[in-house]
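Chemist: Sequence first, then the predicted structure:
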Amino acid sequence: MFIRKITQKKNGENYNSYRLVESIRTEKGPRQRVLLNLGADFNVSQDDWKILCGVLIEKLSKQPSIIQRVDTEFEVIADGIVKNILHKHAKTTLPKGKEEIANDEPPDYQVIDLNSLYHNDVRTVGGESLCLEMIHRLGLMDKLTELGFYGNQHSLAIGQVISRLLAPGSERSSFFWLKQQSSTGELIDFD
């Protein structure tokens, strides 16, 4: 795995973008495929690309780190990249529609070893959905709009209300709770 810098000309100016690339073996020989487009605002210095790729490999392969890292900046960047890679390459299956179930096929049961399961990015959702329902029932959304809250301000205010109800603490602890433990962002469609 490595990071590739792509330079293109656009409107007479050089434009740089960055891609996370991995080498794979195919029937026709070794090939390279793009795992994720990192964009033009990727701001990790080129000297640190190899370290970042090492952290990404550890996280994607679920290997424990053998190096004690002092710099958590790579951990934060790698967590975001891994989340984007998993989201981009996730295979989701949609539930069968009613017309597909009605054909009297026997259910397809599978045996799963529960000890082999692992979770990634687990968040709480119960309390958050209950709070959001009460916010809707009380008309707090409309009241915030009347008070001049729009767009991001509206979502941030709702996030603060929910965090104060479920995990009271300082603004800093509320931010970390919303970012790392709560599914409020997914429920209100705001990162």
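Modeler: Structure's in. What do you need?

Chemist: So what's the residue count around E75?
Modeler: By other C-beta atoms under 10 Å, 13 other residues sit near E75. The C-beta positions use only the backbone N, C-alpha and C, and glycine is treated the same way.

Chemist: Repeat that for G148.
Modeler: For G148, using other C-beta under 10 Å, the count is 8.

Chemist: A strand includes it, no?
Modeler: No. Going by DSSP: H, G, I helix; E, B strand; the rest coil, the assignment for G148 is coil, not a strand.

Chemist: Would you mind giving the secondary structure of R31?
Modeler: strand.

Chemist: Bridged to it, which residues?
Modeler: I24 (DSSP bridges).

Chemist: pLDDT score assigned to I77?
Modeler: pLDDT recorded at I77 is 84.

Chemist: Report the contact partners of it.
Modeler: I77 makes contacts with V44, L52, as judged by C-beta atoms under 8 Å, 6 or more residues apart in numbering.

Chemist: Look up how far K83 lies from it.
Modeler: With distances taken as C-beta to C-beta, to the nearest Å, I77 is found 11 Å from K83.

Chemist: got it, and L187?
Modeler: 17 Å.

Chemist: Which of those two has more residues huddled nearby?
Modeler: Taking neighbours as other C-beta under 10 Å, L187 and K83 compare with L187 leading, 18 against 13.

Chemist: residue contacts, that one?
Modeler: By C-beta under 8 Å, 6+ apart, L187 lies in contact with V125, E128, S129, L132.
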